[in-house]
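>>> dropping a prediction and its sequence here:
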Amino acid sequence: MSEKKLPVSGEKIAAIAERFGTPFHLYDEKAIRANVREFLQAFAWAPAFKEYFAVKALPNPYILQILAEEGVGADCSSMAELYLSEAVGLKNEDICFTSNDTPMQEYEKAKALGAIINFDDISHIDGVDQALGLPSFVSMRYNPGPLRQGGNTIIGYPEEAKYGMTDAQILQAVADCQKRGVSRFGLHTMIVSNELNIDYLIETAEMMFQLAARVKEALGVSVEVINLGGGIGIPYQPEQQRVDLPRLGREIEQAYRRILVPAGLGQVKLAMESGRMITGPYGYLVAKAIHYKDTYKQYIGLDACMADLMRPALYGAYHHITVVGKEDRPCDHVYDVTGSLCENNDKFAINRSLPKIDMGDLLVIHDTGAHGHAMGFNYNGKLRSQELLLTESGQVKQIRRAETLADYFATLDYPGLPQRGQ
Ligand SMILES: *Cc1c(COP(=O)(O)O)cnc(C)c1O
């Protein structure tokens, strides 16, 4: 069981809502730091271990800065993400550029920052070499395709995924880069998503260790870093368990000793680019109940909508909800909890048993710290919420203001619309 607790008392949530207005995402700095420390500790046995936070999960520089203070780098896959990482002072091998279908300008920026370039496709190598010259260190993204079978319920089949190179291409790409003067190599993969089953995470490590051994055998190249990607799951549902990080670390250590060490690769550094498990459980979307509707079903309408959190609408994802001040009341009402978009899937919860909700009640939607605010969109002219940071000292700081109509109209040059500064 994972307990769905509030990061602060209900009274404090109410005071924050009073001061900043609703809706808002609230991120818990202390909990993020503690989680990162536990994660890094689980891999302290490795010759080196680097976590590159997947910036797309929570692209806010105040968060990236906290993570950087903990020794965490950035995994970027767009120009904006490279700029965000640069702004918080990350550079060189603290940035990993894991992109695909990549425009040359983005490679140029990544190279200028000294970032590790992780090639998604063999065809990019010649293009980058011609246009920019290859850096001395490059990484290759692996897609095992149908080689990775065995009945695992991996989210999506690798052979259906657009990412990465085949087994044969990896060998070809390393050999080719070596000829072009590259001297340091990394291998990368990302084939699981929101995975709570530790066995699949360990199998991914084993698969990559075997690949590194094959590269060594075939080409005599000892890769320097193996990046296991992201995809560690979090318990969105109260009955789910969080991944046992110390056990994950220990089991990957066993695979390392079993596969890499005998292959003469006992110095290989490890990396991951987790997003969800770093910040996901430590973010909360707080919104106010503003409408009650009783038709064929009972609806609670909030002042937030899927512009603030897409996951329920997009994936049918479960996000736990707490009604502030009613934590101990019986969940004897069944509601659909909705936003205001003209889209029937703009619902945070469907048929959810909750305590009786009154207008003005504050609802806390849990586990919104990753792929939450970041995914928001402006469809239907809806504006995205502010982001607040609950600092280690218990203060609350606004780290992104809410969007305004002027933001929404900023790309339109047309008279009569609200513009910035008016
Ligand atoms: C999205 C993504 C991640 C992070 O995934 P999580 O599920 O948030 O851990 C890491 N690497 C790449 C290449 C990604 O696209």
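Nice, thanks for sending it over. Numbering: from 1, shown residues only.

>>> alpha carbons only for contacts and neighbour counts from here, please
Will do.

>>> what residues does this structure have near the ligand?
54, 57, 98, 193-194, 229-232, 273-276 (CA under 6 Å from any ligand atom).

>>> which one of those is nearest H291?
Set against H291, the nearest of those by CA to CA is A57 (30.6 Å).

>>> hang on, the earlier thing: what about the residues of the chain next to the ligand, which are in strands?
54, 98 (DSSP state E).

>>> widest-spaced pair of the residues of the chain next to the ligand?
T98 and N194 (18.4 Å).

>>> between the two, which is the more surrounded one?
T98 (24 against 17; other CA atoms under 10 Å).

>>> wait, doesn't the more buried one sit right on S77?
Yes: if you go by CA atoms under 8 Å, T98 and S77 touch, sitting 5.3 Å apart.

>>> which pLDDT value belongs to G127?
According to the prediction, G127 has pLDDT 96.

>>> isn't there a helix covering it?
Yes: G127 sits within a helix when classified using DSSP: H, G, I helix; E, B strand; the rest coil.

>>> from the ligand, how far off is it?
21 Å (CA to the nearest ligand atom, to the nearest Å).

>>> roughly how far does that residue sit from K179?
The gap separating G127 from K179 is 15 Å, by CA to CA, to the nearest Å.

>>> between these two, which one's more packed in?
Taking other CA under 10 Å, G127 and K179 do not tie; G127 has more neighbours (13 against 10).

>>> how about the one residue in the stretch 301-422 of the chain that gets nearest to the ligand, what does it touch?
Nearest residue of the stretch 301-422 of the chain to the ligand, counting by CA to the nearest ligand atom: A370, 6.8 Å away. Residues in contact with A370 (CA atoms under 8 Å, 6 or more residues apart in numbering) are 57-58, 275-277, 279-281, 283.

>>> kindly recompute the last result at 7 Å.
For A370, the contact set (CA atoms under 7 Å, 6 or more residues apart in numbering) comprises 57-58, 275-276, 279-280.

>>> for A15, pull up the helix or strand it's in.
helix 10-20 (DSSP states H and E).

>>> ok, V221 touching A213?
No: under the criterion of CA atoms under 7 Å, V221 makes no contact with A213, lying 9.2 Å away.

>>> neighbour count: these two, which is higher?
Taking neighbours as other CA under 10 Å, V221 and A213 compare with A213 leading, 23 against 18.

>>> tell me the SS of that one?
Under three-state DSSP, A213 comes out as helix.

>>> please name the nearest non-neighbouring residue to it.
Nearest non-adjacent residue to A213, counting by CA to CA, 6 or more residues apart in numbering: A263, 5.9 Å away.

>>> hey, where'd the helices end up in this protein?
10-20, 29-42, 61-69, 79-87, 104-113, 123-131, 167-179, 198-219, 245-255, 276-279, 311-315, 405-409 (DSSP state H).

>>> check contacts around K56.
K56 neighbours (CA under 7 Å, 6+ apart): A374.

>>> H124: how many residues sit nearby?
Around H124 there are 17 residues (other CA under 10 Å).

>>> ugh, typo on my part, it should be P146
P146 - counted by other CA under 10 Å - has 12 other residues nearby.

>>> related to what we said a few turns ago, distance of the residue nearest to A213 relative to R257?
Between A263 and R257 the computed distance is 10 Å (CA to CA).

>>> kindly list the longest strand within this protein.
Assigned via DSSP E, the chain shows its longest strand as strand 283-294.

>>> how about residues contacting that one?
By CA under 7 Å, 6+ apart, the list of residues contacting strand 283-294 from outside reads 22-28, 299-304, 359-369.

>>> sheet-wise, list the partners of it with their directions.
Next to strand 283-294 in the sheet, as set by DSSP bridges, lie strand 24-28 (antiparallel), strand 298-302 (antiparallel), strand 362-365 (antiparallel).

>>> quick check: mean pLDDT of the first one?
So that's strand 24-28. 98.

>>> next one: the last one
When pLDDT is averaged along strand 362-365, the result is 98.

>>> export that strand to PDB, keeping only CA atoms.
Output of strand 362-365 as PDB, limited to C-alpha atoms (Å, rounded to 0.1, in the frame of the first residue of the first chain):
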ATOM      1  CA  LEU A 362     -10.600  22.100  -2.100                       C
ATOM      2  CA  LEU A 363      -9.700  18.900  -3.900                       C
ATOM      3  CA  VAL A 364      -6.100  17.600  -4.000                       C
ATOM      4  CA  ILE A 365      -5.300  15.500  -7.000                       C
END
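
>>> ok, back up a step: comparing the helices of the chain, which comes out most buried?
Stretch with highest mean neighbour count among the helices of the chain: helix 276-279 (a mean of 27; mean count of other CA atoms under 10 Å).

>>> for the nearest residue to G275 once chain neighbours are set aside, what are its contacts?
Using CA to CA, 6+ apart and skipping the chain neighbours, the partner closest in space to G275 is A54 (4.6 Å). For A54, the contacting residues are 74-76, 273-275, by CA under 7 Å, 6+ apart.

>>> returning to what we had before: for the residues of the chain next to the ligand, which one is nearest R352?
For those, the nearest to R352 is N194 (22.6 Å; CA to CA).

>>> and stretch 256-276, what's buried?
Residues 256, 259-260, 263, 265, 268-276 are the ones in stretch 256-276 that count as buried (16 or more other CA atoms under 10 Å).
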